[in-house]
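J.: structure of the sequence below:
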Amino acid sequence: MSSNDAVGQTWAADQDRRTVMRLRLGVGVIGVLLPIALPVGNWIVVRLGGHTDILPGSMSGAYWTSTRNIFVGGLCALGVFLIGYRYNRRDDLWSSTAGWAAIGVALLPTAPRSPSDTQAVIGAVHLTLAAVLLCALAAFCLQSFRDPAAADRRGANRAYLTAGSLILLFLAVAVFAGLSGWGSHWTLTPLYLCEALSVWAFGAAWIGAAVELGAFARTRDLLNPSRVRPSFG
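T.: The predicted structure follows:
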């Protein structure tokens, strides 16, 4: 193998790492912004004279409000990012599963207040896919982003463990609230709040994973300044 080939392979690996970092960042940003964008968008519509629920009973309920396009577009973008995410075989399986689940959640809406039989069935599929999505994203925090064997990453490991545990905890409370109707008459329902907190937890974890990967690359380049863009020819 020539020196140019070796440098080229190194540069390709760097490009792959940057792609992974940007995909992680994209997933995280969508997770952090979506629970805020939905009620803010509805509030703006009401302030402009429109009629819609500012805070629906759940995040998925935004499909039946003025921010339907934000909800569907955000989840489809999340799904594309996750399907395009490639790191290793295990993560590829989880990310593809989560990505297709996100697109399914976007395109198969939750049931409205007075659903038909068909809408009720679609709503049940929607809830199943939402659970699959959040569980897969929790798995990244608990299994992929953590490295318990690395003593120098104890703080990061605790943060990812906390994020993954919170996703599952808030998901469990959201399921309870949805099935029992607990707080369904409140302005901010426990179901919406738990969904938002769960989404924020995975969003923060994915942004953290992107920042950590970027910091690793910068540290490596500082320790090895001879790494330069390859020149072929």
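J.: which residues of this structure fall in helices?
T.: For the chain, helices defined by DSSP state H occupy the ranges 3-47, 68-84, 89-107, 117-139, 154-180, 190-223.
J.: got JSON lines for these, with distance to residue 56, mean neighbour count and mean pLDDT too?
T.: Heads up, the C-betas are built off the backbone N, CA and C, glycines and all. Compiled in JSON lines, these are given as follows (distance: least, Cβ to Cβ, whole Å; neighbours: other Cβ atoms under 10 Å; pLDDT from 0 to 100):
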{"stretch": "helix 3-47", "distance to residue 56": "8", "mean neighbour count": "16", "mean pLDDT": "79"}
{"stretch": "helix 68-84", "distance to residue 56": "10", "mean neighbour count": "19", "mean pLDDT": "95"}
{"stretch": "helix 89-107", "distance to residue 56": "15", "mean neighbour count": "19", "mean pLDDT": "93"}
{"stretch": "helix 117-139", "distance to residue 56": "14", "mean neighbour count": "18", "mean pLDDT": "95"}
{"stretch": "helix 154-180", "distance to residue 56": "13", "mean neighbour count": "17", "mean pLDDT": "94"}
{"stretch": "helix 190-223", "distance to residue 56": "7", "mean neighbour count": "19", "mean pLDDT": "83"}
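J.: any chance of these in TSV, with distance to residue 148 too?
T.: TSV is the format used below for those (distance: least, Cβ to Cβ, whole Å):
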stretch	distance to residue 148
helix 3-47	20
helix 68-84	24
helix 89-107	16
helix 117-139	15
helix 154-180	6
helix 190-223	15
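J.: for those, which one sits closest to residue 59?
T.: When the helices of the chain are compared by Cβ to Cβ, helix 190-223 sits nearest residue 59, at 4.5 Å.
J.: now the closest one and helix 154-180, what's the angle there?
T.: 160 degrees (axes from the mean of the first three to the mean of the last three Cα atoms, to 10 degrees).
J.: what packs against helix 190-223?
T.: helix 3-47, helix 117-139, helix 154-180 (3 or more Cβ pairs under 8 Å, 6 or more residues apart in numbering; DSSP states H and E).
J.: check contacts around the closest residue to residue 103 other than its chain neighbours.
T.: Leaving aside its sequence neighbours, residue 103 sits nearest to residue 79 (Cβ to Cβ, 6 or more residues apart in numbering; 3.8 Å). Residues near residue 79 by Cβ atoms under 8 Å, 6 or more residues apart in numbering: 98-103, 106.
J.: how close does residue 79 sit to residue 186?
T.: 30 Å (Cβ to Cβ, to the nearest Å).
J.: likewise residue 176?
T.: For residue 176 relative to residue 186 (Cβ to Cβ), the value is 15 Å.
J.: my read: residue 70 touches residue 40, true?
T.: No - the pair residue 70 / residue 40 is not scored as a contact, 9.4 Å apart, by Cβ atoms under 8 Å.
J.: and for the two, which residues touch both?
T.: Common contact partners of residue 70 and residue 40 (Cβ under 8 Å, 6+ apart): none.
J.: that older thread, nearest to residue 207, of the helices and strands packed on helix 190-223?
T.: Across those, closest to residue 207 is helix 3-47 (Cβ to Cβ), at 3.4 Å.
J.: packing partners for that closest one?
T.: Counting by 3+ Cβ pairs under 8 Å, 6+ apart, the packing neighbours recorded for helix 3-47 are helix 68-84, helix 190-223.
J.: what are the contacting residues of stretch 144-154?
T.: Against stretch 144-154 from outside (Cβ under 8 Å, 6+ apart): 87, 90-91, 94, 156-157, 160-161, 205, 208-209.
J.: and residue 119, what does it touch?
T.: Applying Cβ under 8 Å, 6+ apart, the residues near residue 119 are 109, 111-112.
J.: if you could redo that for residue 87, that was the one I meant.
T.: Neighbours of residue 87 in contact, by Cβ under 8 Å, 6+ apart: 20, 95, 144.
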